[in-house]
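**Q** generate a structure from the sequence data that follows.
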Amino acid sequence: MRAEVGAVANTPVRVPKMAELVAAQLRRKIVRGELAEGDALPAETALMAEFAVSRPTLREAFRVLESESLISVRRGARGGARVQVPEGTVAARYAGVVLEYRGTTLKDVYDARTVIEAPCAGLLAERRTDEDLERLRDAVAEAEGLMDDPSAFIRAHMEFHALVVELAGNQTLSVLNGMVRHIIDQANWSHVDLDAGSPENIRANRRGFRAHAALVDLVAARRAEAAEDLWRVHLQEAEDYLLQNRSMTTVLDLLG
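**A** This is a model prediction of the structure:
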């Protein structure tokens, strides 16, 4: 125990750079809503005075926030920094890079989607409102009208999946789903390019549509367990169909 304490004591503590501290203060104002989307940050001279830092330090802080997509900076006489709200797309892109580097398989990603989406279907059945039900029914009706257009249908199909997670009401699962969906959507588009309009594609689309319509009925009846079970089967069927493309087996194959 004494040796462990000594090891901890000897571990150097990294002191944040001043630019990181300034970025942290501005980041906090953005996530708390004190600075709204589209707001211009105060002039550089005002921020330099507020934080007692030099212009190079302030601009380094701007670069940190810009890399996080929390601000956009326009150079020039009429330029300046404007606030952007945090979006899951930034995390999704980075997650894609990490998964590429790790040699992650597409099957691994599809399995993760099932872990996230299936329980969301059950949560939605438990918590749904009349407005939620109306949105689901509208989405199914829209997809039904697009059955003869493979590209439009797959877009509506993917949006329905995202809607199920959104309406489940769990923000953490929604962010995680966005990270996975970034990859799943790319795989869907790649598959459409390969077999759009083929007999197998038509059968898969119709089977998927029936699953969506059945889920709405279960959500309407508040049958949470049945909704989760149905969605798990649907996701597995979609995974089996999409993984038939042997030319793409990893995230790197898809995104690289």
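
**Q** please count neighbours and contacts with C-alpha atoms only from this point.
**A** Noted.

**Q** avg pLDDT for stretch 249-256?
**A** The average pLDDT within stretch 249-256 is 86.

**Q** ok, and for it, which residues are buried?
**A** 249-252, 254 (16 or more other CA atoms under 10 Å).

**Q** please apply the same query to stretch 194-202.
**A** Buried residues in stretch 194-202 (16+ other CA under 10 Å): 196-197, 201-202.

**Q** that one: how far from the chain's middle?
**A** 28 Å (CA atoms, centre = their mean, to the nearest Å).

**Q** could you number the chain from 649 rather than 1 from now on?
**A** OK, 649 is where the count begins now, so the last one is stretch 842-850.

**Q** could I get the buried residues of stretch 897-904 as JSON lines with distance to residue 718 and secondary structure?
**A** Below are the buried residues of stretch 897-904 laid out as JSON lines (distance: CA to CA, whole Å; DSSP: H, G, I helix; E, B strand; the rest coil):
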{"residue": "897", "distance to residue 718": "34", "secondary structure": "coil"}
{"residue": "898", "distance to residue 718": "31", "secondary structure": "strand"}
{"residue": "899", "distance to residue 718": "27", "secondary structure": "helix"}
{"residue": "900", "distance to residue 718": "28", "secondary structure": "helix"}
{"residue": "902", "distance to residue 718": "28", "secondary structure": "helix"}
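
**Q** let me have the residues you listed in CSV, extended by distance to residue 787.
**A** Putting those into CSV (distance: CA to CA, whole Å) gives the following:
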residue, distance to residue 787
897, 31
898, 31
899, 29
900, 32
902, 28
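
**Q** just give me the closest of these to residue 771.
**A** residue 899 (29.1 Å; CA to CA).

**Q** dump the residue contacts of that closest one.
**A** The contact partners of residue 899, taken as CA atoms under 8 Å, 6 or more residues apart in numbering, are 744, 747-748, 751-754, 831.

**Q** which residue sits closest to residue 799, ignoring its sequence neighbours?
**A** residue 840 (6.9 Å; CA to CA, 6 or more residues apart in numbering).

**Q** same question but for residue 678, I mixed them up
**A** Excluding the flanking residues, the one nearest residue 678 by CA to CA, 6+ apart is residue 684, at 6.7 Å.

**Q** do you know how far that neighbour is from residue 692?
**A** Counting by CA to CA, to the nearest Å, the gap from residue 684 to residue 692 is 18 Å.

**Q** what of residue 773?
**A** From residue 773 to residue 692 the distance is 51 Å (CA to CA).

**Q** neighbour count for these two, which is higher?
**A** residue 773 (29 against 15; other CA atoms under 10 Å).

**Q** helices or strands up against the helix or strand that one falls within?
**A** For residue 773, the element it lies in under DSSP states H and E is helix 754-775. Applying 3 or more CA pairs under 8 Å, 6 or more residues apart in numbering; DSSP states H and E, one finds that helix 754-775 makes contact with helix 798-816, helix 819-843, helix 847-868, helix 872-890.
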